[in-house]
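> I'll drop the sequence and a predicted model, then ask my questions.
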Amino acid sequence: MDPADDFVADFIGRGASLKRLSLSRVRDIELGEWPTTAEAADPAEARRTLLASDKGCLLVLDEGRRPRSWVSSEHLAGAGTRRLSEVGLPIAVVSPHATLSDTLNEMLTARYSTAVVVDDSGAYVGVVEIDTINEAIRGMRTRERSAARDRLEAGADADGTP
């Protein structure tokens, strides 16, 4: 087999989806939104925001819209007089320049299977959820199968064979 063919077979063979994730960037996918609350917000106000959402937690943002923590209803109930950024769980943060592979790694270590995307100033711009990564993988597989089918059909036509 030609070395180039070996390379292609290795590239699109086993582990191809993971390899493609290393080539795709967060900026290439559509970011999701997440309900947020200000770190200075009253816990009762934050609880109302959480109840109005379909999520199990809120993303706490500081005055510069920089993400600080995830807070659930349990965290809000136990917040007392503390700032919301002082309670809750740590977040996984990535930039739009991060690969989807790096983003997936961050998500796997996070409590919520979600990575928070920030701009160059550290301000919140959106989230990547595990379902988004799965959709990206499915899209990559579909495009690769279509391209392989097109190459196969083009080769068959060029040879004159069915």
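Yep, it's here. Numbering: from 1, shown residues only.

> SS state for the residue nearest the centre of the chain?
Among the residues of the chain, the one closest to the centroid is residue 128, at 2.6 Å (C-alpha atoms, centre = their mean). Secondary structure assignment for residue 128 (DSSP: H, G, I helix; E, B strand; the rest coil): strand.

> tell me the contacts of the nearest residue to it once chain neighbours are set aside?
Distance criterion C-beta to C-beta, 6 or more residues apart in numbering; nearest residue to residue 128, sequence neighbours excluded, is residue 115 at 4.7 Å. The way it works is simple: take the backbone N, C-alpha and C, and place the C-beta from them, glycine included. Residues in contact with residue 115 (C-beta atoms under 8 Å, 6 or more residues apart in numbering) are 26, 92-94, 103, 106-107, 127-128.

> who's in contact with the residue nearest to the centre of the chain?
Per C-beta under 8 Å, 6+ apart, neighbours of residue 128: 26, 29, 31-32, 94, 100, 103, 107, 114-115, 117.

> what about 10 Å?
Going by C-beta atoms under 10 Å, 6 or more residues apart in numbering, residue 128 touches 26, 29-32, 92, 94, 98, 100, 103-104, 106-107, 113-117, 136.

> correct me, but residue 76 touches residue 69?
No - in this structure, residue 76 is not within contact of residue 69 by C-beta atoms under 10 Å, at 11.5 Å.
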